[in-house]
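**Q** missing the sequence, but the structure's below:
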């Protein structure tokens, strides 16, 4: 046990899952004064919904986290973040789809709820830092900047969804599970007798347990999403789509078009309510533009071009690209080889070696 850590208070965001539970255990072993907090973020959840998502925001999560806290003999509290979640996650999610974009609600939740709101409240309570069960590692570089380093397990690495954390947030964050594999985390949980040792990971979008986001958007926005035309790149009408909220760039299944060949969504045009259809090669591009850039390992380009490895979605393995800052503040990202399905609304995250250099929102 580190005696110096005994003087430090850390608030662990406990989702009721195995990762955050073991994070709390590891920090206590390191000598920290650990407090567990579970965030209430989704109002009016049914028992069916709770059992279905079983993840980071359900009623079941509170009970699981409380049992773990009792086992670890640490205090546990439940805090209400419903308003922050509604504003920064659900409203953003719905608005993006209505404007023909494909949002990433987990990134928004990480930035504005799990860090900004939780850290603000935790520091106000006298904590020195917060901690989560994410598979990433916080590091301070030689240039004095804080950055995320990829986790020990590539299969579970979550740095992509955390690229938007600020320097202040990183300076007050611990991610103790980032140096372990998922199997090692489950083994630790079993060895210390945690009831969540074999609890399944949460899947999909936590506030849409039936995975029908088009239904959710229609009901939440109280708007009927109009049907429109599928068109090809020359403007020829190919058929009728069921509303732009049902589609994303690169999508092939569920189009309902019989044209005798493999076709994909190439573009979504909310201003004309059209979905553009293309061939396989049409969804590849060697350039994208992004905005809302957050720098991490780098403090900007300062007029210089920079070569990085970029990921354009969570499951993307990454591709080499050249970054250039434009006069209007956007970044131009040119890839050495074309990448598939560049999707407006998703994040593009830049890596320099094994650390996150920065990232932004694809325009």
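**A** Good, I have the coordinates. Remember, predicted model here, so these are calculated numbers, not experimental data.
**Q** show me where the stretch 151-300 of the chain has strands.
**A** When secondary structure is read from DSSP state E, counting those that start in this stretch, the stretch 151-300 of the chain shows strands at 173-174, 228-231, 237-241, 264-269, 274-278, 284-295.
**Q** packing partners of the helix or strand that the longest one is followed by?
**A** Translated: strand 284-295. Moving toward the C-terminus from strand 284-295, the first helix or strand encountered (DSSP states H and E) is strand 306-311. The helices and strands touching strand 306-311, judged by 3 or more C-beta pairs under 8 Å, 6 or more residues apart in numbering; DSSP states H and E, are strand 319-325, strand 347-352. Quick note: C-beta positions are derived from backbone N, CA and C, even for glycine.
**Q** who's in contact with the last one?
**A** I take that to be strand 347-352. When contacts are defined by C-beta atoms under 8 Å, 6 or more residues apart in numbering, strand 347-352 is touched by residues 104, 107, 150, 159-161, 163-164, 288, 290, 297-298, 308-313, 318, 321, 323, 333, 356-362.
**Q** for the protein, where's the lowest mean pLDDT among helices and strands?
**A** Of all the helices and strands that make up the chain, helix 47-53 has the lowest average by mean pLDDT, DSSP states H and E, namely a mean of 46.
**Q** in the next helix or strand after it, what's buried?
**A** Past helix 47-53, heading to the C-terminal end, the next element that is a helix or strand (DSSP H and E) is helix 59-72. If you call a residue buried by 16 or more other C-beta atoms under 10 Å, then helix 59-72 has these buried ones: 59, 60, 61, 62, 64, 65, 66, 67, 68, 69, 71, 72.
**Q** which ones are touching residue 288?
**A** For residue 288, the residues meeting the contact criterion (C-beta under 8 Å, 6+ apart) are 312, 333, 335, 339, 342, 348, 362, 363.
**Q** now the helices and strands packed on strand 306-311 as TSV including mean neighbour count and distance to residue 97?
**A** Below are the helices and strands packed on strand 306-311 laid out as TSV (neighbours: other C-beta atoms under 10 Å; distance: least, C-beta to C-beta, whole Å):
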stretch	mean neighbour count	distance to residue 97
strand 319-325	18	26
strand 347-352	25	16
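**Q** who wins for proximity to residue 264 among those strands?
**A** Comparison of the helices and strands packed on strand 306-311 against residue 264 by C-beta to C-beta identifies strand 319-325 as nearest, at 19.0 Å.
**Q** can you list the strands that that closest one pairs with?
**A** Using DSSP bridges, strand 319-325 pairs in its sheet with strand 306-311 (antiparallel), strand 331-340 (antiparallel).
**Q** gap between the nearest residue to residue 190 once chain neighbours are set aside and residue 25?
**A** If you skip the residues right next to it in sequence, residue 190 has residue 197 as its closest partner in space, 4.4 Å away by C-beta to C-beta, 6 or more residues apart in numbering. The gap separating residue 197 from residue 25 is 11 Å, by C-beta to C-beta, to the nearest Å.
**Q** those two: who's more crowded?
**A** In terms of neighbours (other C-beta atoms under 10 Å), residue 25 is the more surrounded of residue 197 and residue 25; the figures are 24 against 17.
**Q** what's next to the host helix or strand of that one, contact-wise?
**A** When elements are defined using DSSP H and E, residue 25 is found to belong to helix 18-29. Contact with helix 18-29 is made by 1, 10, 12-14, 34, 36, 64-65, 68-69, 72, 74, 131-135, 174-177, 185-186, 188-189, 192, 194, 196-199, as judged by C-beta under 8 Å, 6+ apart.
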